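1. Need coordinates for the following:
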Amino acid sequence: MRGKYKQKREKKEKSRKLGRKVCLFALLLYLVAAVIGTLVLFVKNGTVGKTTVLPKATGCFYVNDYSHVLNEDAETYMIAAATRLCERSGAQVVVVMVPNTQADSLEKFSLHLAEKWGIGDKEKDNGILLLFNTQKDNEHVRLEVGRGLEGVITDGKAGKILDDYAVSPKNKRRWNEAATATFSAVVKLLGKEYGIPEKDLFTNPNWKCTEEKDDMTVADGTYPEYHPKKNTASVGTRLKDAFFEFLEGTAVGIVVLIAFFLGFCVVDLIGRIMNGLTGGGFGGFGSGIGGGGGSFGGGGASR
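-> Numbers count the residues shown, from 1 in each chain. Down below sits the predicted model:
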């Protein structure tokens, strides 16, 4: 009996040692990946810094066409409705067409632009930015919703608006249709929220959108050129930025951590089975990994 008991203890100890080795290996793998990733980004960012130059709002403010794809009829239609909405409710809906988002993602560019321009009332945070990236083969649209309107236009509702009104014309590069149809849907929704009749927002309900081009329009703007700049930050700052960029921009850490826990659980379970110690099993890991509600904390949707 003592011999069998001793053998069980030895097997149990071996399984635990194996589990610890697996955990240490996974942790080491993660650290190696973090070091390599950080160094790669450190060298890259030391040569070229990522600096996006945001455009200045045009005199029209409510419509800003830096891609020169909108005709004047579409622009004046949206400017008039946006002006009336702001006068009656204080809410602002701004449409922006850009040829690219420079070094930023669509979401990051959109949020930074909305904040820089101060769209919406500062106290009510009731601004909305409708951003179109018209870059060839990289056409995208973002509906950025201020915190004060997130209850009116939820992320799900924002996505549906884009699906219903923006995606199809965007994919066909029918920018006047994409902009005016999506804009109208947003303004009508806000008008309903604030109790403003559609006839008071859209004075010409029979207006039809066309894709006719104009040489120069009221909302045309000059888009700033993107010039990568040398990174003059200190070595310590660059290392820190590179490390956090690695953590933010790759799923390696998550994959390794999952492998870390799964490996430990599998090895431990095998050890328990070998030693007849499965008993009641594991207590579980709770509800799992929860989402953070979006990268930027603001509401909206992208397509």
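
2. Identify the residues contacting the host helix or strand of Ile79?
-> Using DSSP states H and E, Ile79 sits in helix 72-89. With contact meaning C-beta atoms under 8 Å, 6 or more residues apart in numbering, helix 72-89 is reached by 60, 62-63, 65, 91-95, 126, 176, 179-180, 183-184, 187, 190-191, 194, 196, 200-204, 207, 209-210, 212, 214, 217-219. Any C-beta I mention is one placed from the backbone N, CA and C, and that applies to glycine too.

3. Of those, which belong to strands?
-> Taking DSSP state E, the ones among these that sit in strands are 63, 65, 92-95.

4. Please identify which pair of those residues lies farthest apart.
-> Asp65 and Gln92 (17.3 Å; C-beta to C-beta).

5. Which of the two has more residues huddled nearby?
-> Asp65 (27 against 23; other C-beta atoms under 10 Å).

6. residue contacts, that one?
-> Asp65 touches 58, 75, 97, 217, 219-221, counting by C-beta under 8 Å, 6+ apart.

7. Stretch 121-129: end-to-end distance?
-> With C-alpha to C-alpha, to the nearest Å as the measure, stretch 121-129 spans 13 Å from end to end.

8. and what of stretch 113-123?
-> Chord length of stretch 113-123, first to last residue, is 18 Å (C-alpha to C-alpha).

9. in that stretch, what's buried?
-> Buried residues in stretch 113-123, counted by 16 or more other C-beta atoms under 10 Å: 113-114, 117, 119-121.

10. before we move on, what about stretch 157-170?
-> 157-159, 161-162, 165-167, 169-170.

11. Go through those residues and name the one nearest Glu13.
-> Gly159 (54.0 Å).

12. what residues go with each domain of the protein?
-> Domain assignment for the chain by automatic domain parsing gives 2-50+239-299, 63-227.

13. quick check: mean pLDDT across the longest one?
-> Across domain 63-227, the average pLDDT comes to 86.

14. residue boundaries of the strands in the protein?
-> So, for the chain - with DSSP E - the strands run 63-65, 92-98, 127-133, 140-145, 299-302.

15. Name all residues that make contact with the nearest residue to Leu70 once chain neighbours are set aside.
-> Nearest non-adjacent residue to Leu70, counting by C-beta to C-beta, 6 or more residues apart in numbering: Asn176, 5.7 Å away. By C-beta under 8 Å, 6+ apart, Asn176 lies in contact with 69-71, 74, 209-211.

16. Narrow these to those in helices?
-> Members of the contacts of Asn176 lying in helices (criterion: DSSP state H): Ala74.

17. Are any of the contacts of Asn176 buried, and if so which?
-> 69-71, 74, 209.

18. out of those residues, who's nearest Thr101?
-> Checking the buried ones among the contacts of Asn176 against Thr101 with C-beta to C-beta, the nearest one is Val69 at 15.6 Å.

19. returning to what we had before: report the two of the buried residues of stretch 157-170 separated the most.
-> Distance extremes for the buried residues of stretch 157-170: the farthest pair is Lys157 and Pro169 at 19.4 Å, using C-beta to C-beta.

20. Roughly how far does Asn133 sit from Glu13?
-> Asn133 sits 59 Å away from Glu13, going by C-beta to C-beta, to the nearest Å.

21. Could you report the neighbour count for Val96?
-> 29.

22. what about it, distance to Thr154?
-> Going from Val96 to Thr154 by C-beta to C-beta gives 22 Å.

23. returning to that earlier point: can I get the strands of the chain in TSV with distance to Leu27?
-> What follows is the strands of the chain, written out as TSV (distance: least, C-beta to C-beta, whole Å):
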stretch	distance to Leu27
strand 63-65	49
strand 92-98	43
strand 127-133	40
strand 140-145	38
strand 299-302	35
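
24. Figure out which of those is closest to Lys17.
-> Short answer: strand 299-302, nearest of the strands of the chain by C-beta to C-beta, at 48.5 Å.

25. Helices of the stretch 151-300 of the chain, start to end?
-> Assigned by DSSP state H, counting those that start in this stretch, the helices in the stretch 151-300 of the chain fall at 155-161, 167-171, 175-194, 198-201, 235-249, 252-274.

26. hmm, who's touching the second one?
-> Judged by C-beta under 8 Å, 6+ apart, the contacts made with helix 167-171 from elsewhere in the structure are 132, 139-141, 175, 177-178, 181, 303.

27. wait, what's in contact with His112?
-> When contacts are counted by C-beta under 8 Å, 6+ apart, His112 touches 52, 54, 104.

28. Try it again at 10 Å.
-> 52, 54, 101, 104, 296 (C-beta atoms under 10 Å, 6 or more residues apart in numbering).

29. Looking at the residues you listed, which is nearest Val32?
-> Using C-beta to C-beta, Asp104 is the member of the contacts of His112 that lies nearest Val32, at 29.8 Å.
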